[in-house]
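Asks: Give me a 3D structure for the following:
(one chain, ligands or ions: 1)
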Amino acid sequence: MNDAHGHLIGGEEVGAGDGARLEVFDADAAAPLATVPDGDGADIDAAVAAARAGQREWWALAPYERERVLRRIGDLIERDRDRLAAIEARNTGKTAANAGLDVDFAVEAFHYYSGYPTRAAGRQIPTPDPALLCYTRLEPVGVVGAIAAWNYPIVLAAVKVAPALAAGCAVVLKPAPETPLTALELGRLAFEAGLPPGCLNVVCGGPDTGAALAGAHGVDKVSFTGSTATGRAVLARLAGSGRAGVLELGGKSPNLVFADADYAGSLDAILMGALVNSGQECCAGARLLVQREIYEDFRELAAARIESLRVGPGTDPASEIGPLISARQRERVSGFVERALGDGARVWARGSAPEGGFYYPPTLLDRIDERMEVWREEVFGPVLCLDSFDGDDEALRKANATRYGLAAGVWTADLGRALRFVNELEAGTVWVNSYLEQTAGAPFGGGKDSGFGRELGEAGALEFSQEKTAYVRGIRPRS
Ligand code: NAD
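Replies: Residues are numbered from 1 along each chain as shown. Model prediction:
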């Protein structure tokens, strides 16, 4: 496969204005897979203009008609599940099983939001005068600029596009330059489902294309998923423009294992909370904090499992972990580990890494000091840091000593402790005796340097809505 794709603008596939192109890679073979245009400001302007026109047409449809289209988009993604999962596995290197789950989640997102338009009701507000009716209606913010990262391409596209369309908005989506293929497929399926042209535009490109979209005057709200550093650049473009944003940024999440937990029985769930998707997971529970009395036992179990992990191509059903997304990402991960060793950390266990592709071996580090860069910063690779704690208070202190606030996990048999930790952990999502479970009806997002705003659930659609207040005085009957 070596396809040359265009952007999707106004329902048409078009090439980039200046002819510049980007190569998209097969992460396992480390070989080119396809090319896409490298969009410029003119492409963004054309897409925003198409979205503006498409949004009026979309909002003019009856809510029930919009629901039918959203439902059908979900149905078509489901129809093409295996084809989409194969594209995703090949491009990203994620395992076939995980790529399939990603496609399933995209289906769930569209099906969940297909129930929204007919239920997106405003409120009636009591007034002091019975002749004065006060009510609100939910209206779309207009055109949404959606910018996505490369770790969950079809999921990130779906969790932005589905709620934005459900709220009555039109979207200009800029996928990550590494992973534009399933975003383009989503656009094609949306038109097959009957979405009016212009309601979903996909403009391919890198940082400059993203910056042009974030700065475009016709964009009413920006939904961004990516690193905290890029999120700040997006925020700087929004500042003073009077436009708003939802920022889903990085994390360095704690995963706390207490001695009373069934940690041997839950070992895979605990480790995969950090290693899934080769650690390219915003919620990765990569700060693994284990109660002191079980620390050595846990470390032995974890080491044996990490050494036995089957690392291989995403397209091989036997693989448990695939390659990283790019040579650049592999160098970045390797740099983190080298600096950690220089800081005094130790490699306690290391898995395998096949030759070829962008592989990095799953790695367990111990002898961690809280000041180390590898403990504080997001590695975005299969690297787990192991540290211990003595009691609940120390566990909480260590868990919350981070600039991030995206997610956290607690493994314990003590319900009272679990509830206290849910309350006191500084994170947008807390999992108890599980990790990384997600459903489209539940809001997702972070605090601190992990961003603001929410995706998914009703909150996800409300991000793309504005509440209009109406005061209506009935015409007084003639006396
Ligand atoms: P990135 O910040 O490098 O890029 C994200 C997107 O922003 C890409 O599409 C990129 O082309 C674009 N971009 C780059 N510079 C830009 C600029 N100046 N203005 C506008 N857009 C610009 O992130 P990445 O390396 O693709 O993804 C990894 C990061 O994403 C990690 O930090 C991860 O934690 C985060 N992430 C967060 C979530 C979440 O929901 N919180 C989910 C997935 C990934």
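Asks: Quick one: low-confidence residue ranges for the stretch 151-300 of the chain.
Replies: Along the stretch 151-300 of the chain, no part satisfies pLDDT under 70.
Asks: pretty sure G357 is in a helix, no?
Replies: No: G357: not assigned to a helix; according to DSSP: H, G, I helix; E, B strand; the rest coil it is coil.
Asks: what does the stretch 301-450 of the chain have sitting close to the ligand?
Replies: Counting by C-beta under 6 Å from any ligand atom, the stretch 301-450 of the chain comes close to the ligand at E378, F380, L406, G446. Glycine gets a C-beta too; all of them are placed from N, C-alpha and C.
Asks: how about a cut-off of 8 Å?
Replies: Counting by C-beta under 8 Å from any ligand atom, the residues of the stretch 301-450 of the chain lying close to the ligand are Q329, E378, F380, L406, F444, G445, G446, S450.
Asks: Give me the below-cutoff pLDDT ranges for the stretch 351-479 of the chain.
Replies: Looking at the stretch 351-479 of the chain by pLDDT under 70, you get 476-479.
Asks: Please enumerate the helices of it.
Replies: With helices called from DSSP state H, counting those that start in this stretch, the stretch 351-479 of the chain shows them at 373-376, 392-400, 415-424, 457-462.
Asks: TSV for those, including mean neighbour count?
Replies: Formatted as TSV, the helices of the stretch 351-479 of the chain follow (neighbours: other C-beta atoms under 10 Å):
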stretch	mean neighbour count
helix 373-376	18
helix 392-400	17
helix 415-424	14
helix 457-462	21
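Asks: right, so of the ones you listed, which gets closest to L133?
Replies: helix 457-462 (23.1 Å; C-beta to C-beta).
Asks: Does the closest one reach the ligand?
Replies: No: counting by C-beta under 8 Å from any ligand atom, the ligand has no neighbours in helix 457-462; the shortest distance is 11.5 Å.
Asks: So which other helices or strands are in contact with that helix?
Replies: On a contact count with 3 or more C-beta pairs under 8 Å, 6 or more residues apart in numbering; DSSP states H and E, helix 457-462 meets helix 153-166.
Asks: and the residue in the stretch 51-200 of the chain positioned nearest to the ligand, how many neighbours does it have?
Replies: Closest residue of the stretch 51-200 of the chain to the ligand, C-beta to the nearest ligand atom: A149 (3.2 Å). A149 has 23 neighbours, counted by other C-beta atoms under 10 Å.
Asks: Which helix or strand contains it?
Replies: A149 is part of no helix or strand when elements are defined by DSSP states H and E.
Asks: The helix or strand where L22 lies near the ligand at all?
Replies: Per DSSP H and E, L22 falls inside strand 21-26. No: Strand 21-26 is not in contact with the ligand by C-beta under 8 Å from any ligand atom; minimum separation 10.2 Å.
Asks: got the buried residues for stretch 399-409?
Replies: Within stretch 399-409, the residues that count as buried by 16 or more other C-beta atoms under 10 Å are A399, T402, Y404, G405, L406, A407, A408, G409.
Asks: From L324, how far out is the first one?
Replies: If I follow you right, that is A399. 27 Å (C-beta to C-beta, to the nearest Å).
Asks: Am I right that G100 falls within a helix?
Replies: Yes: according to three-state DSSP, G100 belongs to a helix.
Asks: Identify the residue of the protein closest to the ligand, quick one.
Replies: Closest point on the chain to the ligand, by C-beta to the nearest ligand atom, is G210, at 2.2 Å.
Asks: Quick one, grab the pLDDT at the residue nearest to that residue when sequence neighbours are not counted.
Replies: In space, and not counting its chain neighbours, G210 is closest to I147: 4.8 Å by C-beta to C-beta, 6 or more residues apart in numbering. Looking at I147, its pLDDT is 98.
Asks: pretty sure I147 is touching K221, no?
Replies: No: under the criterion of C-beta atoms under 8 Å, I147 is not in contact with K221, lying 11.7 Å apart.
Asks: if we can go back for a sec, which SS class is the residue of the chain closest to the ligand?
Replies: From three-state DSSP, the assignment for G210 is helix.
Asks: about what we covered before: and which of the residues of the stretch 301-450 of the chain next to the ligand is nearest to G250?
Replies: Proximity of these to G250 was ranked by C-beta to C-beta; the top entry is E378 with 4.5 Å.
Asks: L249 is in contact with the closest one, correct?
Replies: No: counting by C-beta under 8 Å, E378 does not reach L249; the two are 9.3 Å apart.
Asks: Can you pull the residues that touch both of those two?
Replies: Shared contacts of E378 and L249, defined by C-beta atoms under 8 Å, 6 or more residues apart in numbering, comprise S227, T228.
Asks: Please identify which of these two sits among more neighbours.
Replies: Legend: neighbour count by other C-beta under 10 Å for E378 and L249, higher for L249 (28 against 22).
Asks: For the nearest residue to E281 once chain neighbours are set aside, grab the count of nearby residues.
Replies: Using C-beta to C-beta, 6+ apart and skipping the chain neighbours, the partner closest in space to E281 is N151 (6.5 Å). Neighbour count for N151, taken as other C-beta under 10 Å: 25.
Asks: a helix runs through N151, doesn't it?
Replies: No: looking at N151 with three-state DSSP, it is coil, so not inside a helix.
Asks: residues touching it, list them.
Replies: T92, N277, Q280, E281, C282, I325, F380.
Asks: Widest-spaced pair of those residues?
Replies: T92 and C282 (14.6 Å).
Asks: Comparing these two, which shows the higher neighbour count?
Replies: Neighbour comparison, T92 and C282: the larger count goes to T92, with 32 against 27 (by other C-beta under 10 Å).
Asks: Okay, strands next: where are they in the stretch 151-300 of the chain?
Replies: 170-174, 200-202, 221-225, 244-248, 254-257, 287-291 (DSSP state E, counting those that start in this stretch).
Asks: Could you provide those in TSV, with additional columns for distance to the ligand and mean neighbour count?
Replies: Below are the strands of the stretch 151-300 of the chain laid out as TSV (distance: least, C-beta to the nearest ligand atom, whole Å; neighbours: other C-beta atoms under 10 Å):
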stretch	distance to the ligand	mean neighbour count
strand 170-174	6	29
strand 200-202	12	30
strand 221-225	5	26
strand 244-248	3	22
strand 254-257	15	27
strand 287-291	14	26
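Asks: which one of those strands lies closest to F110?
Replies: Closest among the strands of the stretch 151-300 of the chain, using C-beta to C-beta: strand 200-202, at 11.8 Å.
Asks: who does the closest one touch, helix- and strand-wise?
Replies: Strand 200-202 packs on strand 7-9, helix 41-60, strand 170-174, helix 181-192, going by 3+ C-beta pairs under 8 Å, 6+ apart.
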